[in-house]
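>>> Need a 3D model of the sequence below.
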Amino acid sequence: MWRVVYLPEAEQERGKLPGNERAALYNAVRKLQSIGPALGYPHTSAVAAAPGLRELRPRRGNSPWRGIYRQVGQSFIIAAVGPEAQHDPQGFRRAMRQPNIARLESGDHEPSVATLARLADALGLDFSVDIKRGGVKLRSPARSTGEGEPERKRA
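Below is the predicted model of the structure:
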């Protein structure tokens, strides 16, 4: 089963959809969870204006709403929920300009601690963040000793 994670802003956008459209998006997400990257058209398609991004197309593309996502490892991250481009071109462009989409495209955004926690949970990772004067450092995943505590290196 593949993991699908919504960024917080995408969750808010999903919550604003009419009930029947929200249900259609949930059904499309379940298909993505079951089939993963093999889920093809008409359920998903590439976003032409943004290489690497895909749109989840509820109701085989017959819904006026789309979930904009990218695969990250064994998970899919939904960064925005917006109207379909042909149905509402301005709304689609507005959704694609959202900071979350730009962050997914660039890969050089420093996410919030809450977002890191959600992604770590979705990806099944443990990692550490060192915060010191002058910056933040992300350390590679901690290895488990099998006793519930991560192995710590001594200086």
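
>>> Let me see the contact set for Trp65.
Counting by Cβ atoms under 8 Å, 6 or more residues apart in numbering, Trp65 touches 17, 21, 24-25, 58, 81-84. Quick note: C-beta positions are derived from backbone N, CA and C, even for glycine.

>>> Check whether the residue nearest to Gly52 when sequence neighbours are not counted sits in a helix, strand or coil.
Nearest residue to Gly52, sequence neighbours excluded (Cβ to Cβ, 6 or more residues apart in numbering): Arg70, at 5.8 Å. Under DSSP: H, G, I helix; E, B strand; the rest coil, Arg70 falls in the strand class.

>>> returning to what we had before: could you dump the contacts of Trp65 into a markdown table with distance to Gly40 added?
Shown next, in a markdown table, are these (distance: Cβ to Cβ, whole Å):
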| residue | distance to Gly40 |
| --- | --- |
| Leu17 | 24 |
| Glu21 | 22 |
| Ala24 | 18 |
| Leu25 | 18 |
| Pro58 | 15 |
| Val81 | 21 |
| Gly82 | 21 |
| Pro83 | 22 |
| Glu84 | 18 |
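
>>> before we move on, back to that, how many residues are close by the residue nearest to Gly52?
Using other Cβ atoms under 10 Å, Arg70 has 18 other residues around it.

>>> Only the buried residues of the host helix or strand of Arg22, if you could.
Using DSSP states H and E, Arg22 sits in helix 19-35. For helix 19-35, the neighbour count (16 or more other Cβ atoms under 10 Å) marks 21-22, 24-25, 28-29, 32 as buried.

>>> That one: what's the following helix or strand?
Downstream of helix 19-35, the next assigned helix or strand under DSSP H and E is strand 44-46.

>>> what does the following helix or strand past that following strand rub up against?
Later in the chain than strand 44-46, the nearest helix or strand by DSSP H and E is strand 54-56. Residues outside strand 54-56 that contact it (Cβ under 8 Å, 6+ apart): 25, 28-29, 32, 43-47, 66-71, 78, 84.

>>> do that again at 6 Å, thanks
Residues outside strand 54-56 that contact it (Cβ atoms under 6 Å, 6 or more residues apart in numbering) are 28, 44-47, 66-69.

>>> do stretch 39-48 as well
With contacts defined as Cβ under 6 Å, 6+ apart, stretch 39-48 is touched by 31-32, 53-57, 60-61.

>>> Buried among these? Make that a PyMOL selection.
Selecting only the buried entries of those in PyMOL, with 16+ other Cβ under 10 Å as the criterion:
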select buried, resi 32+53+54+55+56+57+61
